[in-house]
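Participant: coords please:
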Amino acid sequence: MNEKEIVLSGIRATGNLHLGNYYGALRNFVKMQDDYDCNYFIADLHALTTNPDPVELHENVKNILAEYLAAGVDPEKATIFVQSDVPEISEMYLLLNMHVGIGELLRTTSFKDKARKQLGISTDSDEDIEKQIVGNESNKRVNAGLLTYPTLMAVDILIQKARKVPVGKDQEQHLELTRRFARRFNSFYNVDLFPEPENFNFGQNAVKVPGLDGSGKMGKSEGNCIYLVDEEKVLRKKVMRAVTDEGPKTPGQPVSEPVNNLLTLMELTTAPEIVQSYRDAYADCSIRYGDMKKQLAEDILKVTTPIRERYQAIRADEAYIAKVVSLGAERARERASRTLQEVKKAMGIIKFY
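Facilitator: You can find the predicted model right below:
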């Protein structure tokens, strides 16, 4: 019998999960767990790049774990673990950094974007960004963890020897770096240790879930989210306040971005014929945004209410959460430990006693 292919994915411990996380990741996590060797983790080490409050970080880890379970991830079928519970990751992170160039890290798009944001830099020049990072003496320093984020992500993947890694468009560059690091290590030490991972989305286009603010995708830092655990009243209020436009003025005019965002959300949650009826109403200038938003809120609640109710029950059961975390850590460490020993042997770090 063929072994199942290894899948790995993680979500940073930076707050509750939202509809974008659900349709972009969690829903697929559940689909995969019967047919693949699935490993899903809560990335608390990655979250440290923003220096979070320790108490808040700890609560976020438990919240996201409970949301994984509430969304249908089964700890009997998939390995669910907290990143920091696998110390082999941190050790291999140090070792792999010895084969990663500072220049290739400085050039990563996500690092430049986050560094610009942290330091309030407006320039797009790589040289100017680097100068301001190095010369900055304020408390808004960019930490080394942010720079080496791609190395840690690569270790997450390589230490489990994952072949399939579901990532969004913003993480594709990091996945390509992981492949590069794997090839480099294998070539340098003349070993066949790491497989090259590939993006995995069931052969479908990646789902982009828009926010409620009229532009861009749903994201925690943008403040435009519908969270899976939002209470009914809160959720309805958020949807009713979503940005639209003044309404179509002439029949057949193109749908504006804010309204198209809401229609995109409807396509994820609402019956196709109802979505089409609102598209037709926009086209003939008869659309009523209040009715449309009420319909959208109702349909989103059909998705989130069962998740929220399961979440509340799981979150209140600390013993169950501890059991899941312990089981997941044990499973994740088993393969990670073997891989780390192979890495150390390849690099010549061998015990003499």
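
Participant: switch to C-alpha atoms for all contacts and neighbour counts from now on
Facilitator: Fine.

Participant: from A43, how far out is Y149?
Facilitator: If you measure Y149 against A43 using CA to CA, to the nearest Å, the figure is 11 Å.

Participant: my bad, should have said E330
Facilitator: With distances defined as CA to CA, the gap from E330 to A43 amounts to 17 Å.

Participant: more crowded one of the two?
Facilitator: Set side by side, E330 and A43 show more neighbours around A43, with 22 against 15, by other CA atoms under 10 Å.

Participant: any weak-confidence spans in the stretch 51-200 of the chain?
Facilitator: 119-140, 170 (pLDDT under 70).

Participant: swap in 90 and give it another go.
Facilitator: Low-confidence segments of the stretch 51-200 of the chain, defined by pLDDT under 90, are located at 51, 102-103, 106-144, 146, 166-174, 199-200.

Participant: the helices in it, which residues?
Facilitator: For the stretch 51-200 of the chain, applying DSSP state H, counting those that start in this stretch gives helices covering 54-70, 87-97, 102-106, 109-119, 126-135, 144-147, 149-158, 172-188.

Participant: which of those helices sits most buried?
Facilitator: Comparing the helices of the stretch 51-200 of the chain on average neighbours per residue, with mean count of other CA atoms under 10 Å, the densest one is helix 149-158 at a mean of 25.

Participant: run through the neighbouring helices and strands of it.
Facilitator: Here helix 149-158 is seen to pack against helix 87-97, helix 172-188 when contacts are counted using 3 or more CA pairs under 8 Å, 6 or more residues apart in numbering; DSSP states H and E.

Participant: what angle separates it from helix 172-188?
Facilitator: With axes from the mean of the first three to the mean of the last three CA atoms, to 10 degrees as the criterion, the two stretches helix 149-158 and helix 172-188 enclose an angle of 70 degrees.

Participant: what sits up against helix 149-158?
Facilitator: Contact with helix 149-158 is made by 8, 46, 89-90, 92-93, 96-97, 100, 105, 165, 174-175, 177-178, 181-182, 194-195, 197, as judged by CA atoms under 8 Å, 6 or more residues apart in numbering.

Participant: dump that helix to CSV, restricted to CA.
Facilitator: Listed next in CSV are the C-alpha coordinates belonging to helix 149-158 (Å, rounded to 0.1, in the frame of the first residue of the first chain):
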residue,chain,number,x,y,z
TYR,A,149,11.0,34.4,8.2
PRO,A,150,11.4,32.5,4.9
THR,A,151,14.0,30.2,6.5
LEU,A,152,11.7,29.3,9.4
MET,A,153,8.9,28.7,7.0
ALA,A,154,11.2,26.4,4.9
VAL,A,155,12.1,24.5,8.1
ASP,A,156,8.5,24.0,8.9
ILE,A,157,8.0,22.3,5.6
LEU,A,158,11.3,20.5,5.1
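
Participant: all the strands of the stretch 151-300 of the chain, in order from the start?
Facilitator: Defined through DSSP state E, counting those that start in this stretch, the strands belonging to the stretch 151-300 of the chain, from first to last, are 164-165, 198-199.

Participant: packing partners of the last one?
Facilitator: Packed against strand 198-199 by the contact rule (3+ CA pairs under 8 Å, 6+ apart) you find strand 164-165, helix 172-188.

Participant: the nearest residue in space to A242 that is not next to it in sequence and I11, how far apart?
Facilitator: Closest residue to A242 in three dimensions, ignoring its sequence neighbours and counting by CA to CA, 6 or more residues apart in numbering: L212, at 4.9 Å. Between L212 and I11 the computed distance is 22 Å (CA to CA).

Participant: equivalent analysis for T269, please.
Facilitator: For T269, the distance to I11 (CA to CA) stands at 23 Å.

Participant: which of the helices or strands spans the residue sitting nearest the centre point of the chain?
Facilitator: With distances taken as CA atoms, centre = their mean, the residue of the chain nearest its centroid is I11 (4.2 Å). Of the helices and strands defined by DSSP states H and E, I11 is found in strand 6-12.

Participant: other residues contacting whichever helix or strand comes after that strand?
Facilitator: Past strand 6-12, further along toward the C-terminus, the next helix or strand under DSSP H and E is helix 19-21. Around helix 19-21, the neighbours that count as contacts under CA under 8 Å, 6+ apart are K208, V209, P210, K217, M218, G219, C225, I226, Y227, L228.

Participant: what is the rounded mean pLDDT of helix 19-21?
Facilitator: Helix 19-21 shows a mean pLDDT of 92.

Participant: what of stretch 247-265?
Facilitator: 94.

Participant: ends of it, what's the gap?
Facilitator: With CA to CA as the measure, stretch 247-265 spans 18 Å from end to end.
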